[in-house]
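A.B. asks: Structure for the following, please:
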Amino acid sequence: MLKPPMIKLGASGHTYSFSDFTLDLGRGCLLRSGQEVKLRPKVFEALRYLVENNNRLVTKAELIEAIWPDSFVTDDSLVQCLVELRRALRDDAQRLIKTVPRRGYIFVASVEEKDLTTQPVAYLEQVEQMTIVIQEEQEPEKENRALTNQARSVAKISTKISTKAAVVAVMILIIAVGVASLYLKRATPLTDKDAVLIADFINTTGDEVFDGTLRHAMAVQLGQSPFLNIFSDERIRETLRYMERSPDERVTRDVAREIAQRQGVKAVITGSISALGSHYVINLEAVNAHTGDTLAREQVEAENREQVLRKLGEAASKLRKELGESLSSIEQFDAPIEQATTPSLEALKAFSLGREQHFSGKYFGAIPFYKRAVELDPNFAIAYAALAITYATAQEYDLAGQFSQKAFELRQRASERERFYISARYYIDTLRDGDKAIEVQELWEHTYPRDFVPRTNLAVRYCAIGQFERAIEEARESIRLNPDAGVGYASLSICFMCLNRYDEAKAVIEQAMARGLEPPYSRYILYSIAFLAGDTAAMQQQIERTAGTPTESGMLATQAVTATFSGQLGVARELSSRAIDLAERRGLKEGAAQYSAGHALWEAAFGNCRGAKDTAARTLAISRGGVALSWSALALALCGEANQARSLVDEMVRRFPQDTYFKSFWLPMIDAAIEINRNNCAGAVQALQLASRGEMGTSTALWPAYIRGLAYLGQHAGNEAKVEFQKILDHQGVLAPKDFNPVAYSLYPLARLGLARANAIGGDKAKSRKAYEDFLAQWKEGDPDIPILREAKKEYQDLK
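C.D. replies: Coordinates of the predicted model:
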């Protein structure tokens with residue numbers, strides 16, 4: 001008799017599919033739409049390593065070691081290798097392989113891996129490549145025991161075909177059925193496209209410390225996974241509102257399933273904790289939200305209260321595997337829960353209460369809970385980061401920097417996702433290194449592609465440096481990923497404002513408000529759009545909406561700068577003083593100093609240097625934060641106070657040596673203003689070259705263009721000056737008040753005057769006269785004692 005055949009496959013049956021390419025490791029080739037793409041061996045090895053380590057940063061040194069393990073090569077060899085690889089993949093736009101400057105590469109395309117040694121279809125596809133070995137066997141009863149029922153059925157046809165062929169057919173069927181059975185048993189209940197909602201835990205222990213705490217701990221643990229798509233707390237709260245329930249209602253199993261069904265969420269994870277003597281039993285269950293079928297279940301027992309978080313973390317890790325996440329992913333992104341958060345249940349409870357305040361819009365109400373959390377556990381990294389973002393929202397940037405510094409020092413006591421968050425805040429709040437912040441958040445975005453937070457932050461960063469189209473792309477994707485987080489709408493609306501697309505800016509805010517959201521700066525944005533449209537009723541409506549809220553002082557500052565638009569400096573000064581006083585009374589010293597520094601700037605721009613110097617002194621008495629120092633220095637430089645300005649610059653550089661916005665924009669402007677007052681206008685133009693790269697952005701809002709225009713006027717270069725002033729007039733939306741930096745709007749009337757002077761220098765009296773008339777008409781109700789207004793009237797009379 002015959003022994004069942006042994007079927008031998010090639011040494012490697014792995015393939016990786018991405019875009020329209022297939023990397024076949026068994027054959028050692030790259031296929032595009034079935035056709036082989038020729039690659040040198042080293043280029044093939046580079047592609048293989050990047051694909052096998054997709055969606056993570058592969059450093060240059062790591063890649064060189066993988067491709068040339070026993071040789072010394074320079075970066076030039078690697079660069080050439082990547083050039084050839086990009087050419088083969090037609091990847092000039094970096095859709096597949098993204099370069100991270102100075103660090104390495106990330107394979108960002110979606111990759112589908114197949115193991116042809118385990119998937120039944122692979123057997124059928126590679127039958128022709130199999131080597132079938134058939135041996136004679138003397139023990140027929142063993143053969144009979146080896147055959148399955150399916151094999152027996154097929155064996156009946158052996159009388160019609162040759163014995164050898166029949167056995168081959170039998171064994172192919174045996175293997176196919178067996179592998180199919182194994183494959184079906186391992187079918188994963190979730191894919192990386194499915195969302196998961198975490199319900200509140202059922203706590204029957206009588207110990208209130210577990211209420212809310214375990215759900216948050218579970219969210220952190222599962223949130224480490226790049227595979228699982230956690231339905232956010234913001235979206236849960238908004239869905240509850242649609243259901244006409246309180247957004248603060250407990251999310252029970254039934255409520256969670258209803259939310260999931262409304263929002264198309266695949267799975268709901270429920271949990272419970274109960275006391276068993278001195279022990280605690282924790283149950284976790286993932287159910288299909290639509291059918292109620294159990295997808296995964298775990299139970300663990302903690303010997304005492306102190307072990308609860310650790311045991312919960314262990315159960316959550318096992319649940320991730322049951323839900324379909326790969327072992328390699330879990331091993332890479334699986335910080336112990338007590339490390340990713342805190343080993344203190346009380347600290348975690350305080351933090352959870354702070355988050356409830358935060359997500360309900362009560363940012364200042366969250367601060368005491370976050371502070372209590374770090375008092376209970378001084379090593380609670382993410383709690384310090386939460387304090388940082390809360391104080392940054394309140395414009396208390398120095399405090400934000402201090403807390404970001406502490407969080408960064410403790411970043412190893414956080415999950416991988418939270419380390420990205422902590423690092424980003426550190427570079428923004430503490431070092432003020434905008435370039436590094438962008439780099440971190442781009443890596444965060446590629447590691448966790450379904451996380452809306454890095455996209456929102458990137459939108460803000462790109463907007464700050466004038467890359468509005470990129471910012472719009474990131475903001476739109478942020479909204480798609482989490483349509484119930486208001487900050488994405490704010491970023492998108494501000495970008496539209498900067499592009500003079502006011503109707504779209506307004507529509508975005510209205511879209512958010514229709515969902516019950518109140519995006520940051522939304523009242524400032526709507527006020528400015530109404531101002532541009534001359535709709536005083538709508539302006540008043542926004543003023544009333546901010547009365548008594550934390551944004552009231554910001555609205556007063558916004559009203560002040562819109563008063564400067566028509567030259568009503570008396571009104572502007574009164575509103576500015578109210579904004580500063582209100583912020584100080586509320587303990588917002590840096591916010592007060594920012595409003596005061598903005599006041600000093602427009603006083604200097606309008607030629608009232610005595611008022612500018614007095615206001616700058618008041619500013620620095622309130623706070624010596626980064627904004628206060630840089631804005632006051634520019635105001636003093638515009639007024640010819642070079643020594644005082646330099647002193648503030650030195651302080652700024654000493655305290656914030658890596659502040660990219662200061663070094664790239666504010667320092668060149670201060671230097672240029674000093675040179676203009678020294679009659680070195682060519683030197684001023686030279687100093688401003690660095691600032692031209694991002695002067696359209698919200699961080700400077702065309703101030704470099706205005707100062708450059710002044711320098712060209714000083715050189716009697718009329719045509720060049722016209723270009724700068726016209727740039728300001730063409731981008732009114734960049735200047736319009738829309739966040740905490742409203743001072744640029746005062747430049748708009750000054751650009752009209754600058755254009756009049758530039759045309760006069762060029763000898764075009766008609767255009768010059770028209771520009772003067774436009775300026776004087778805009779300031780027809782302006783205060784008559786403004787120095788620059790008196791100058792303009794005299795120049796206009798002389799022109800006649």
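A.B. asks: Could you measure from the residue sitting nearest the centre point of the chain over to residue 51?
C.D. replies: Residue closest to the average C-alpha location in the chain (Cα atoms, centre = their mean): residue 454, at 1.5 Å. According to Cβ to Cβ, to the nearest Å, residue 454 stands 23 Å off from residue 51. For the C-beta atoms, the positions are set from N, CA and C on the backbone; glycine is no exception.
A.B. asks: and what of residue 607?
C.D. replies: 63 Å.
A.B. asks: more neighbours, those two?
C.D. replies: residue 51 (21 against 17; other Cβ atoms under 10 Å).
A.B. asks: Okay, now the unreliable bits of the stretch 351-500 of the chain?
C.D. replies: By pLDDT under 70, the weakly predicted segments of the stretch 351-500 of the chain are 360-361.
A.B. asks: Show me the helices in it, by range?
C.D. replies: Here the stretch 351-500 of the chain has its helices, by DSSP state H, counting those that start in this stretch, at 363-376, 381-393, 397-409, 416-425, 434-447, 452-464, 468-481, 486-498.
A.B. asks: ok, now the stretch 701-800 of the chain?
C.D. replies: 703-714, 718-730, 732-735, 747-761, 765-778, 787-799.
A.B. asks: among those, which is nearest residue 230?
C.D. replies: helix 732-735 (36.2 Å; Cβ to Cβ).
A.B. asks: Which helix or strand contains residue 298?
C.D. replies: strand 294-302 (DSSP states H and E).
A.B. asks: Packing partners of the next helix-or-strand element following that strand?
C.D. replies: Next helix or strand after strand 294-302 toward the C-terminus (DSSP H and E): helix 308-322. If contacts are counted by 3 or more Cβ pairs under 8 Å, 6 or more residues apart in numbering; DSSP states H and E, helix 308-322 sits against helix 213-223, strand 267-276, strand 279-288, strand 294-302, helix 327-332, helix 337-340, helix 345-359.
A.B. asks: Mean neighbour count and distance to residue 462 added to the ones you listed, as TSV?
C.D. replies: Putting the helices and strands packed on helix 308-322 into TSV (neighbours: other Cβ atoms under 10 Å; distance: least, Cβ to Cβ, whole Å) gives the following:
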stretch	mean neighbour count	distance to residue 462
helix 213-223	23	25
strand 267-276	20	34
strand 279-288	19	38
strand 294-302	16	39
helix 327-332	13	29
helix 337-340	22	30
helix 345-359	21	25
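A.B. asks: Which one of these lies nearest to residue 106?
C.D. replies: helix 327-332 (14.4 Å).
A.B. asks: mean confidence score for that closest one?
C.D. replies: Here helix 327-332 scores 82 as its mean pLDDT.
A.B. asks: Pull the number of nearby residues for the closest residue to residue 438 other than its chain neighbours.
C.D. replies: Closest residue in space to residue 438, ignoring its immediate chain neighbours: residue 461 at 5.0 Å, by Cβ to Cβ, 6 or more residues apart in numbering. Around residue 461 there are 24 other residues, counting by other Cβ under 10 Å.
A.B. asks: And for residue 204?
C.D. replies: Neighbours of residue 204 (other Cβ under 10 Å): 12.
A.B. asks: For it, give me its contacts.
C.D. replies: Counting by Cβ atoms under 8 Å, 6 or more residues apart in numbering, residue 204 makes contact with 272, 273, 274, 275.
A.B. asks: Could you pull up phi and psi at it?
C.D. replies: Backbone torsions for residue 204, taken as degrees, to the nearest 10, come to phi -110, psi 10.
A.B. asks: Now do the helices in the stretch 1-150 of the chain.
C.D. replies: Under DSSP H, counting those that start in this stretch, the stretch 1-150 of the chain gives helices at 41-52, 60-67, 75-89, 120-125, 140-146, 149-155.
A.B. asks: returning to what we had before: which of the contacts of residue 204 sits closest to residue 580?
C.D. replies: residue 273 (50.8 Å).
A.B. asks: I'd guessed that closest one sits against residue 202; true?
C.D. replies: Yes. Between residue 273 and residue 202 there is a contact under Cβ atoms under 8 Å: 7.5 Å.
A.B. asks: So, low pLDDT: which residues of the stretch 501-650 of the chain?
C.D. replies: In the stretch 501-650 of the chain (pLDDT under 70), no residue qualifies.
A.B. asks: Now name the helix or strand holding residue 239.
C.D. replies: Here residue 239 is assigned to helix 233-242, by DSSP H and E.
A.B. asks: can you give me the angle that helix makes with helix 213-223?
C.D. replies: Going by axes from the mean of the first three to the mean of the last three Cα atoms, to 10 degrees, helix 233-242 is angled at 120 degrees with respect to helix 213-223.
A.B. asks: Domain parsing of this protein, as residue ranges.
C.D. replies: What automatic domain parsing lists as the domains of the chain is 20-108, 115-185, 195-340, 346-514, 660-800.
A.B. asks: Give the rounded mean pLDDT of stretch 678-685.
C.D. replies: Throughout stretch 678-685, pLDDT has a mean value of 97.
A.B. asks: just how off-centre is that stretch within its chain?
C.D. replies: 40 Å (Cα atoms, centre = their mean, to the nearest Å).
A.B. asks: and what of stretch 598-613?
C.D. replies: Worked out by Cα atoms, centre = their mean, stretch 598-613 lies 37 Å from the chain centre.
A.B. asks: rewinding a little: looking at the helices of the stretch 351-500 of the chain, which is buried most?
C.D. replies: Sort the helices of the stretch 351-500 of the chain by mean neighbour count, taking mean count of other Cβ atoms under 10 Å, and helix 486-498 sits at the top with a mean of 27.
A.B. asks: ok, then the element right after that one?
C.D. replies: helix 502-514.
A.B. asks: Would you mind writing the CA trace of that next one as PDB?
C.D. replies: Output of helix 502-514 as PDB, limited to C-alpha atoms (Å, rounded to 0.1, in the frame of the first residue of the first chain):
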ATOM      1  CA  TYR A 502     -14.500  83.600   4.900                       C
ATOM      2  CA  ASP A 503     -17.700  81.800   3.900                       C
ATOM      3  CA  GLU A 504     -16.000  78.500   4.300                       C
ATOM      4  CA  ALA A 505     -14.400  79.500   7.600                       C
ATOM      5  CA  LYS A 506     -17.900  80.500   8.900                       C
ATOM      6  CA  ALA A 507     -19.500  77.300   7.600                       C
ATOM      7  CA  VAL A 508     -16.900  75.100   9.400                       C
ATOM      8  CA  ILE A 509     -17.600  76.700  12.700                       C
ATOM      9  CA  GLU A 510     -21.400  76.400  12.100                       C
ATOM     10  CA  GLN A 511     -20.900  72.800  11.200                       C
ATOM     11  CA  ALA A 512     -19.200  72.200  14.600                       C
ATOM     12  CA  MET A 513     -21.800  74.100  16.500                       C
ATOM     13  CA  ALA A 514     -24.600  72.100  14.800                       C
END
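A.B. asks: other SSEs contacting it?
C.D. replies: helix 486-498, helix 522-532.
A.B. asks: For that helix, which outside residues touch it?
C.D. replies: The contact list for helix 502-514, computed with Cβ under 8 Å, 6+ apart, reads 486, 489-490, 492-494, 496-497, 518-519, 522, 525-526, 529, 532-533, 733.
A.B. asks: same check, this time on stretch 715-730
C.D. replies: For stretch 715-730, the surrounding residues in contact (Cβ under 8 Å, 6+ apart) are 681-682, 685, 702, 705-706, 708-709, 712-713, 735, 747-748, 751-752, 754-755, 757-763.
A.B. asks: This completes my enquiry, with thanks.
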